[in-house]
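only geometry, no sequence info:
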Ligand SMILES: C[S@@+](CC[C@H](N)C(=O)[O-])C[C@H]1O[C@@H](n2cnc3c(N)ncnc32)[C@H](O)[C@@H]1O
């Protein structure tokens, strides 16, 4: 939970980045300069009401730390407090409201750290995506909203009482829409019946599946979760695939840019950033996550060295 008095733990330098072990709010407030970050990818606890073993707790309640956070928030963003007050009325236990206090404090800090050309991707799911979007509209401004990206996958639960939950949401905001850099990527769009259209001036291609044209990448992404036998699997419970992060990083940063992941977990963003030639900063307050990151990034460096010397 939020702790305004906790001071960050010592940082560790690896390759092209800095890994911080500590509470991300304290690290962002005390260790990172304003307007110094090109891209933030934030994959926080989702308010899933689950406890991930010894790794982290995603259950929330309106306790003294939340009250303290709410008072701080009131000074900087009274409008968010109005939203939070409504949530307290809607849900008596105050779980969502407490979660939104925690998130809002961090999102405010992220806004301060972003360069005016920078971008934020907030990874969430259906439990809080709609509330978080409201909070982001207040902090960043409605005009800075760029995309709601749907990450669709096959794995996960299979409910018989509702449709199976098979997607997460990435909320993409610009620090300043007029200055934001965006590098468009292409995807295959297969022709109907997989046959060639032969439209004039439209390049068509063929692969094992059939004929296709190339279109600008859409906002629904089908990417498999990290499988049990995948080489990138670390065993961390909420690990995301590197392919997902590669898309985000390629879309919203250039080589040499600085990427921040304030909830870096097993270090997926850091590994993808390193691989793509970006500088990175990672923060996590779980020692297990930090030790996985250290191992993963050292392995990654060795892999690059092996490739270079081969
Ligand atoms: C959903 S996981 C991130 C998973 C990561 N994207 C990956 O691919 O492995 C959320 C992470 O946030 C971390 N976390 C939770 N509260 C934190 C805090 N106050 N400061 C820093 N990290 C925190 C947890 O330890 C956890 O590793």
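Cool, the structure landed. What you see is a predicted model; the values in this text were computed from it and never measured.

now for the residue of the chain found nearest the ligand, how many residues are close by?
The ligand sits closest to residue 265 of the chain, with a gap of 2.6 Å, by CB to the nearest ligand atom. In this view, the C-beta of every residue, glycine as well, is placed from N, C-alpha and C. As a burial measure, residue 265 scores 26 neighbours (other CB atoms under 10 Å).

out of everything not next to it in sequence, what's closest to it?
residue 289 (5.1 Å; CB to CB, 6 or more residues apart in numbering).

please identify the buried residues of stretch 142-159?
144, 145, 146, 149, 151, 153 (16 or more other CB atoms under 10 Å).

which stretches of this structure have low pLDDT?
For the chain, the stretches flagged by pLDDT under 70 are 1-10, 12-15, 48, 53, 299-310.

just to revisit the earlier point, same list, the buried residues of stretch 142-159, but as JSON lines with distance to the ligand and secondary structure please.
As requested, those are arranged in JSON lines below (distance: CB to the nearest ligand atom, whole Å; DSSP: H, G, I helix; E, B strand; the rest coil):
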{"residue": "144", "distance to the ligand": "23", "secondary structure": "helix"}
{"residue": "145", "distance to the ligand": "22", "secondary structure": "strand"}
{"residue": "146", "distance to the ligand": "20", "secondary structure": "strand"}
{"residue": "149", "distance to the ligand": "15", "secondary structure": "strand"}
{"residue": "151", "distance to the ligand": "12", "secondary structure": "strand"}
{"residue": "153", "distance to the ligand": "14", "secondary structure": "coil"}
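
so which of those is the closest to residue 214?
residue 149 (19.3 Å; CB to CB).

quick one: the closest one from residue 85, how far?
30 Å (CB to CB, to the nearest Å).

same question for residue 293.
38 Å.

looking at the two, which one has more neighbours?
Taking other CB under 10 Å, residue 293 and residue 85 do not tie; residue 293 has more neighbours (27 against 12).

helix, strand or coil for residue 143?
helix (DSSP: H, G, I helix; E, B strand; the rest coil).

what is the neighbour count of the closest residue to it other than its chain neighbours?
Residue nearest to residue 143 in three dimensions, not counting chain neighbours: residue 177, with 5.8 Å by CB to CB, 6+ apart. Residues near residue 177, counting by other CB under 10 Å, number 13.
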